[in-house]
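S.K.: here are the coordinates; sequence isn't available:
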């Protein structure tokens, strides 16, 4: 009883102090166990090792496949089962990782339905698909002699710590993983470019590599930041104009599928940001998504809207993180390539050193064998009853030959000699033995030479890899610089704007009031009131902007072409002021007073000139004003266009009864210089790229592609141009075009002369065969075609030259033209005598010519059949 009391007392005492020795505190357990778990996930699951570019599960799959390798396909289910000897996380994770490896089309040769990276379709069940290691994997990944091994998780097997990877696999495949407090995202790069980069590094030059995605598309790498955290690349689908009513997507952004892309397009259409009639997914081996547009929809504007509002453009943020020396490390992709190249060189050196030792061992034993048999040392074996005495005898017999050997003789060497069968001794051929040793000596010298010139040996190794496996691995993603797409410029008008002028409300929800215009949900609205106040506000359901509204419109930021004409009374009895101004930029929802600020100021006349039109107004004064002349007119063109804050000029000091518009004429035609930027494939007015010329608003640009299509467009900067443009210039409806093209039907070259017909459609002007293409084209006269022919019966025909103007007459655009020759053409080119004359030089000379000289120049350029040639001036 006393013992129980004592025990209870001790327990009470322990409780009073808050301590119990048999209880572990949760905070300590959490700290230790969580850190262990976080470290395990980082090192053993999510982040690849820099040595071979593989995560542990990927490494174990490849090692398991190498164990099972016999040249035939294995069921994936069997590979998964064998891999579970090394990987403790179940078959599902192994199967998913193996499918991802197979879809990268580099290390695994797949058979069956392995899914589709374009559509996102999953692979068939593992029991239905098969796999084996690719020839590339067998060449660059495995070598047991250079592999460091460790025990598997249960100690029953051994697995590689890292595989001896002699290629920058991590950069070629890319990887993505999320660990505890750490993420990794390395983008895939081009196979051949990585090899070229490694060769450049070995040669001491700088290498610069950029991602290349298996889904193709376009990418802006200007902010790639070497693949480190903080960088960003923009990736776009390749969208082309199929015809005036439809677009086609042939390549998609990395990380998307045709399904997710279509979903984003449908969502944008439902929100009213784009207008499409129907969308079809015809993707199989290649991507083909057809987008059918609603009638009257602008194709170029729709393409920009797809980039702005759908997954046709996505941003990818890389985060290059790897495991090095059992610690995570953030390293750029170019530094990663250097590390991989150095490791490849170290592995190749190690392989050469191992090969050298093996060859030297072979030569050493061949020498011992030759001496052993030639000196007949085996005859006296029966005199020695134990191994020690026999070995002593052999050591003594070999003493005279020590200097001829590469190393000291060991007991193991003697043991091998004593195990040589007698039949082999009796049939020993000295000549063949000498030839074998000579061959070994040559191989030893070759290996030593490779070690002495290790860099050259590594370069040849990479060149051989490119030669064997580089075909078909050309860059798929085109690198471009993207223009900035303003969302409000490309969104369709998906709202209707209404206004209650008396009450001072505007908005999309005032459906019972006055309709103003169509607008988009991203637009801004500019409002002018009778009291001379202006403001700009965003489109909303209902917004109060002030009573007595005189003008409402959609505001275009930076618009310096729209001119506002205004006459206002300064105060209750002040002067009438006249002003012209443009509104290019404002602060949203801020009220701007366009008058001098006097109380009771009032706008007497207000008009908007979208293209800077000229106006003449009639002003009538009040009869009691005391003015001698009660009516007069005023030409707004005499008033300078200034900023919105200008007070204006005094129109009259007398009271005005009314102002009416007397006359309105077109303003001065604005001429615009245009350039074509080859990086963005867009027009611009800022001088980037190739100068095209000076254009009025009505003039067109003609663009011709390599496959024989032409298109007429305006000079808007939103127009998208094809990638294979070979001619772009100002369209001249009277210019004669000379075209040298290859006809896919006959396999021969033709020359034709014609005039491009005006059309709104994309039109083909050569034969329809898909193998037909334009070799050269020009709108200049006097083109010369030079031809070299292939050999006929061992003799090469004499080269020919022809004058296109006399060789073929001007015909219809659809005419086939004249065949250049019946002989097989080896080389052909069209010489343009005006190729060195730039458009700027032509315009400068044109400005310097008098009108009479221009007429003479035009009269002197009449072609055959009375058709005028393209005017140079």
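M.R.: Everything's here; your move. Since the model is a prediction, treat every value here as computed from it, not as a measurement.
S.K.: Work out for me the element residue 442 sits within.
M.R.: helix 430-452 (DSSP states H and E).
S.K.: try residue 720
M.R.: Following DSSP H and E, there is no helix or strand that holds residue 720.
S.K.: Okay, buried residues for the helix holding residue 442 please.
M.R.: The neighbour-count check on helix 430-452 (16 or more other C-beta atoms under 10 Å) flags 433, 437, 440, 443-444, 447, 450 as buried. Quick note: C-beta positions are derived from backbone N, CA and C, even for glycine.
S.K.: now the stretch 1-150 of the chain, which segments are flagged as low pLDDT?
M.R.: Within the stretch 1-150 of the chain, the ranges that satisfy pLDDT under 70 run 1-45.
S.K.: Going along the chain, name the helices of it.
M.R.: For the stretch 1-150 of the chain, applying DSSP state H, counting those that start in this stretch gives helices covering 2-17, 26-41, 56-68, 76-83, 91-103, 135-140.
S.K.: Quick check: mean pLDDT of the helix holding residue 442?
M.R.: For helix 430-452, the mean pLDDT works out to 92.
S.K.: try stretch 472-488
M.R.: Averaging pLDDT along stretch 472-488 yields 85.
S.K.: List the contacts of that stretch.
M.R.: 190-193, 210-222, 234-236, 238, 251, 254, 304, 307-309, 313, 520, 522-524, 677, 679-682, 717, 723 (C-beta atoms under 8 Å, 6 or more residues apart in numbering).
S.K.: Among those, name the ones in helices.
M.R.: 191-193, 304, 307-309 (DSSP state H).
S.K.: Now distance to residue 748 and neighbour count too, for the residues you listed, in TSV please.
M.R.: As requested, the ones in helices among the contacts of stretch 472-488 are exported to TSV (distance: C-beta to C-beta, whole Å; neighbours: other C-beta atoms under 10 Å):
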residue	distance to residue 748	neighbour count
191	37	24
192	34	17
193	37	21
304	41	24
307	42	23
308	46	20
309	48	22
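S.K.: Tell me the one of these nearest residue 425?
M.R.: Ranked by distance to residue 425 (C-beta to C-beta), these are led by residue 191 at 53.6 Å.
S.K.: Who are the contact partners of the closest one?
M.R.: 106, 172, 469-470, 473.
S.K.: how about 7 Å then?
M.R.: Residue 191 sits next to 172, 470, 473 when contact means C-beta atoms under 7 Å, 6 or more residues apart in numbering.
S.K.: hang on, the earlier thing: state the pair within the ones in helices among the contacts of stretch 472-488 that is farthest apart.
M.R.: 192 and 309 (35.6 Å).
S.K.: Got a PyMOL select line for the buried ones in the contacts of residue 191?
M.R.: To isolate the buried members of the contacts of residue 191 in PyMOL, using 16+ other C-beta under 10 Å:
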select buried, resi 172+473
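S.K.: Select from the contacts of residue 191 every entry located in helices.
M.R.: residue 172.
S.K.: Give me the pLDDT for residue 699.
M.R.: pLDDT, the model's per-residue confidence, is 89 for residue 699.
S.K.: tally of neighbours for it?
M.R.: By the criterion of other C-beta atoms under 10 Å, residue 699 has 16 neighbours.
S.K.: Can you tell me the closest non-neighbouring residue to it?
M.R.: Nearest-residue entry for residue 699: residue 730, 6.3 Å, with adjacent residues in sequence omitted and distances by C-beta to C-beta, 6 or more residues apart in numbering.
S.K.: for this protein, which helix is longest?
M.R.: helix 333-374.
S.K.: Could you list every helix and strand in contact with it?
M.R.: The contact analysis (3 or more C-beta pairs under 7 Å, 6 or more residues apart in numbering; DSSP states H and E) places helix 333-374 against helix 169-173, helix 191-202, helix 411-418, helix 430-452, helix 454-469.
S.K.: Run through the residues that contact residue 343.
M.R.: Residue 343 makes contact with residue 51, according to C-beta under 7 Å, 6+ apart.
S.K.: oh, I was asking about residue 59
M.R.: 52, 160, 163.
S.K.: that older thread, can you convert the helices and strands packed on helix 333-374 into JSON lines and add a column each for distance to residue 783?
M.R.: Output for these, formatted as JSON lines (distance: least, C-beta to C-beta, whole Å):
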{"stretch": "helix 169-173", "distance to residue 783": "47"}
{"stretch": "helix 191-202", "distance to residue 783": "38"}
{"stretch": "helix 411-418", "distance to residue 783": "81"}
{"stretch": "helix 430-452", "distance to residue 783": "56"}
{"stretch": "helix 454-469", "distance to residue 783": "40"}
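S.K.: distance between the strand ranked longest in the chain and the chain's centre?
M.R.: The strand that spans the most residues within the chain, counting by DSSP state E, is strand 656-665. On the basis of C-alpha atoms, centre = their mean, to the nearest Å, strand 656-665 sits 57 Å off its chain's mean C-alpha point.
S.K.: Quickly run through the sheet partners of that strand, with directions.
M.R.: Take DSSP bridges as the rule and strand 656-665 pairs in its sheet with strand 614-621 (antiparallel).
S.K.: Identify the residues contacting the helix or strand following the partner strand?
M.R.: Using DSSP H and E, the helix or strand that follows strand 614-621 towards the C-terminus is strand 631-635. Residues outside strand 631-635 that contact it (C-beta under 7 Å, 6+ apart) are 578, 616-620, 651, 662.
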